[in-house]
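J.: predicted coordinates and the sequence they were generated for:
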Amino acid sequence: MSAEFTFSIKKTRFDEDYTPSDDTRLTTNFANLARGEHRRENLQRVLQMIDNRFNSLAHWDNPRADRYSVELEIISIEMNINADAKRDVFPLIEILNTTIVDKVKNERIPGLSGNSFSSYVRDYDFSVLLLNHNQGRSEFQVPEHYGDLHGNLFKAAIHSADYKALFGKTPVICLSVSSNRTYHRTENHHPVLGTEYEQREFSLTDQYFGKMGMKVRYFMPAFATAPLAFYFIGDLLSDYSDLELISTISTMESFQKIYRPEIYNTNFPASDCYQPTLTHQDYSLTRIVYDREERSRLAVEQGVFTEERFIKPYQDILGQWSASFPA
């Protein structure tokens, strides 16, 4: 069975007029906010949260805390499949790209690609493959070669000519820390990322992103209540400018305050020895409507969609392609 895989990229402006496309994963933070009767208010409020947070961190030469704003684009990476004269397109990955607007200099400054991370194959791996593998088992196990295919698809996409033509740097993904791990405050402090935390054992998500060629570090920025997990390729502290890092923090911390207020919008900061939990009651809610129950349900539906539309039809050629992918 012969096959050729290529990638194409689409950009969609994320603003108060944003409407999810038909092939967008509806579990994605930005898609969830853009649905229902409160969609426009949700979008306006989250964009204002991002701008406010950016200005609180980029405080130099910014006395009124209004110098900057952040523009967001949804980057949709599609996989073009040419297998035995059959052509198909599968919506592989969605990330966010930031652009920083300096209103004093009237300049647009490139930010970072990555930030959020949305993947149909990841839905399949976590919501279908992993659950089916552990059904009936007394102890949790991870399947052999778990995450290998997804990791190789990600690496192929971001090293493709189409991706490199649009973005000069590799992506940084910023996610919540794991609620089943304990994080320890260190003495290391970065002027933008804040205080670094460490943990002794990688979570399943950390290992999964490792298959994507990404390392992880945990930092709690100024005025935050919990550390964030930053996944990156290369050197997080030297490869990116302060404003680039601030664009990621402001964007993803705002989403986490909405999605996980029990961790990121609590009324007390993380301690020196910190284990996140979703059972805390001492937290504040934003004025933004977010349907977490729907998000969990749709993750399973999207995993099944991926199995039926992508994994099963191309299982053999995907396995051969991944096995021969350069390490």
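T.: Everything's here; your move. Numbering: from 1, shown residues only.

J.: just give me the neighbour total for residue 63.
T.: Counted by other CB atoms under 10 Å, the residues lying close to residue 63 total 8. Quick note: C-beta positions are derived from backbone N, CA and C, even for glycine.

J.: need the contact list for it.
T.: Contacts for residue 63 were tallied using CB atoms under 8 Å, 6 or more residues apart in numbering; there are none.

J.: same deal with residue 185?
T.: 195-197, 270-274.

J.: switch the cut-off to 6 Å
T.: Listed by CB atoms under 6 Å, 6 or more residues apart in numbering, the contact set of residue 185 reads 197, 272.

J.: so what pairs up with it in the strands?
T.: For residue 185, the beta-bridge assignment (DSSP bridges) gives partners residue 197.

J.: and the pLDDT for it?
T.: pLDDT recorded at residue 185 is 98.

J.: same check on residue 281?
T.: For residue 281, pLDDT reads 88.

J.: what kind of secondary structure is it in?
T.: coil (DSSP: H, G, I helix; E, B strand; the rest coil).

J.: what about it, how many residues nearby?
T.: Neighbour tally, residue 281, other CB under 10 Å: 6.

J.: need the helices for the chain, in chain order.
T.: Shown for the chain, the helices assigned by DSSP state H span residues 29-33, 39-57, 120-124, 130-134, 148-158, 161-166, 204-211, 242-259, 261-264, 292-306, 315-323.

J.: mind checking these for the one nearest to residue 95?
T.: helix 148-158 (9.2 Å; CB to CB).

J.: name the residues of that closest one that are buried.
T.: 149-158 (16 or more other CB atoms under 10 Å).

J.: picking up where we left off before, any chance of the helices of the chain in TSV, plus mean pLDDT?
T.: As requested, these are exported to TSV (pLDDT from 0 to 100):
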stretch	mean pLDDT
helix 29-33	62
helix 39-57	93
helix 120-124	93
helix 130-134	92
helix 148-158	96
helix 161-166	94
helix 204-211	95
helix 242-259	96
helix 261-264	94
helix 292-306	76
helix 315-323	91
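
J.: as a markdown table, these with distance to residue 173 would be great.
T.: Listed next are those as a markdown table, based on distance: least, CB to CB, whole Å:
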| stretch | distance to residue 173 |
| --- | --- |
| helix 29-33 | 13 |
| helix 39-57 | 17 |
| helix 120-124 | 11 |
| helix 130-134 | 20 |
| helix 148-158 | 10 |
| helix 161-166 | 14 |
| helix 204-211 | 7 |
| helix 242-259 | 9 |
| helix 261-264 | 16 |
| helix 292-306 | 17 |
| helix 315-323 | 21 |
